[in-house]
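K.L.:
when you get a sec, could you give me coordinates for this:
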Amino acid sequence: MKHPYKFDDIDNYVHGRMSEAELKDFKATLAINENLQKETEAAQAQSKIMAYLRKEALLKEMNEEITGKKTASGNEDEGNGTTSSIKILWLIGAVLAILIAASLLWNINSENEEQSNQEETNINIEVPEDSLKNKPIIPEKETPEKEPEEVKDKSVKDAPIASVDDPLKYKQIADAEISTLADNLLSPESKGADGSGDQETYKLAYGFFQDKKYEKVIEIVPANPSFDFIYLLALSHFKSNDYQAAARNFAVLKEDFRLGYDAGWGELLSLTAQLPKTCASLKTNLEAIEKNTSHFYLEQAARLKDSIDLPTACP
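P.N.:
Down below sits the predicted model:
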C-alpha cells in the first residue's frame, strides 16, 4: 500500500523531530499501512546501530573523565589502536544498516510491483471509506496531549523575572520546564532489547522514577548504561537538585539521534538552575540552540532567555 511520506519524514519520526500535528497524522497512517511500517522499522534499525556505536565512543570518554585516567602522551600507540577499533565498528555498523534497509526496501518494491500487476488486470480490492474514516487517529487517553504543551509555554512566559540576588528563582524557572522532558521517557515496554543488557534494571529504575524515588535510580545505574538509562539518570539527578550531575549526563546524550534535542534542552535547564555561576556555559549552549533553526526547542529557548533576563543574570 502506497503512502505520502518520504525518507526525511520517516527519519523525523524516528528521531522525534515531528510537530504534534505531524506526529498524529503519521501514527494514523502507520497503524494501517504495512509498507510504512516496514520502512519505519528499517529506519529504526539503522538508528539503533548508529546510536550503539556512538554510545561506545561517548561512554569511553565519559568513563575517562570520571576516573581521571585520560590517555597520556606515552600511550599514543594504544590510543591509535582504540581509534582504529572504533573506525572498524563504525564501518561494520554502516554496512549492516545499509543491508537491513536494502532488504526491507526490496521487499516493499516487490509488493508494489505485485500490486501494480493486479491493477493492470482490473483486480481491485475495494476498502469501504467508512472503515478508514472511523478508524481512531489516536487513543482517547492521548487526547489531552495539547494541554501540557500549553502549560509548559505559559510557565516560561509568565515566570517571574529572576534577579541576581535571588538564584532560587532560576531553579523555579528550570523546574517549571523539566516536567515536559520527563514525559518523553521511554517506557520499559517500548524500550526492548538494544544490546545493552539493562532491560530489567531499566524497568526497576523506571518504577522508582515514577514513585519519585530518584536516589534509588541513581544507586542502581549499571556499569555501561544505554542512552535511555542515561536520560533517566540525568532526570533523576535534576529532580534530586544535583544540577551539575544532570548537566553532565545530558551533555553525553546531545549527539544521540533520538534524544539529542531533548538532551540539549535538559542541559540548558540544568545550567539555568545553577545561575549565576554557570553564565559562560549557559550562553554557549543557548547560542548553539539559537543557531540551529530546526531545533525542536528553539522557541522555548527564546522565552527562557527573556524569562531569566540574561543581561541582568549574566552582566
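K.L.:
contacts only, for Lys216.
P.N.:
Neighbouring residues of Lys216 by CB atoms under 8 Å, 6 or more residues apart in numbering: 205, 208. Backbone N, C-alpha and C define where each C-beta goes, glycine included.
K.L.:
in the one helix or strand it maps to, what's buried?
P.N.:
Lys216 is located in helix 214-219, with elements delineated by DSSP states H and E. For helix 214-219, the neighbour count (16 or more other CB atoms under 10 Å) marks 214, 217-218 as buried.
K.L.:
what of stretch 279-299?
P.N.:
Burial within stretch 279-299, assessed by neighbour count using 16+ other CB under 10 Å, is assigned to 281-282, 285-286, 289, 295-297.
K.L.:
how about stretch 202-217?
P.N.:
Buried-residue list, stretch 202-217, by 16+ other CB under 10 Å: 202, 205-206, 208-209, 214, 217.
K.L.:
which of the residues you listed sit farthest apart?
P.N.:
For the buried residues of stretch 202-217, the maximum inter-member distance is 15.0 Å, found between Tyr202 and Tyr214 (CB to CB).
K.L.:
CA atoms only: put the helix holding Lys216 into PDB for me.
P.N.:
The C-alpha trace of helix 214-219 is given here as PDB (Å, rounded to 0.1, in the frame of the first residue of the first chain):
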ATOM      1  CA  TYR A 214      15.200   9.400  42.400                       C
ATOM      2  CA  GLU A 215      18.000   8.400  44.700                       C
ATOM      3  CA  LYS A 216      17.100   4.700  44.000                       C
ATOM      4  CA  VAL A 217      17.500   5.300  40.300                       C
ATOM      5  CA  ILE A 218      21.000   6.700  40.900                       C
ATOM      6  CA  GLU A 219      22.000   3.800  43.100                       C
END
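K.L.:
quick check: next helix or strand after that helix?
P.N.:
helix 227-239.
K.L.:
and that next one, what does it pack against?
P.N.:
Where contact means 3 or more CB pairs under 8 Å, 6 or more residues apart in numbering; DSSP states H and E, helix 227-239 is packed against helix 168-182, helix 199-210, helix 214-219, helix 243-253, helix 260-272.
K.L.:
repeat that for 7 Å
P.N.:
In terms of contacts (3 or more CB pairs under 7 Å, 6 or more residues apart in numbering; DSSP states H and E), helix 227-239 is packed against helix 168-182, helix 199-210, helix 214-219, helix 243-253.
K.L.:
quick one: average pLDDT of the first one?
P.N.:
Taken as a whole, helix 168-182 has an average pLDDT of 86.
K.L.:
just the CA atoms of the helix or strand following it, as PDB, please.
P.N.:
Using DSSP H and E, the helix or strand that directly follows helix 168-182 along the chain is helix 188-191. C-alpha atoms of helix 188-191 as PDB (Å, rounded to 0.1, in the frame of the first residue of the first chain):
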ATOM      1  CA  PRO A 188      10.100  -0.400  29.700                       C
ATOM      2  CA  GLU A 189       7.600  -2.000  27.300                       C
ATOM      3  CA  SER A 190       8.800   0.300  24.400                       C
ATOM      4  CA  LYS A 191      12.500   0.000  25.200                       C
END
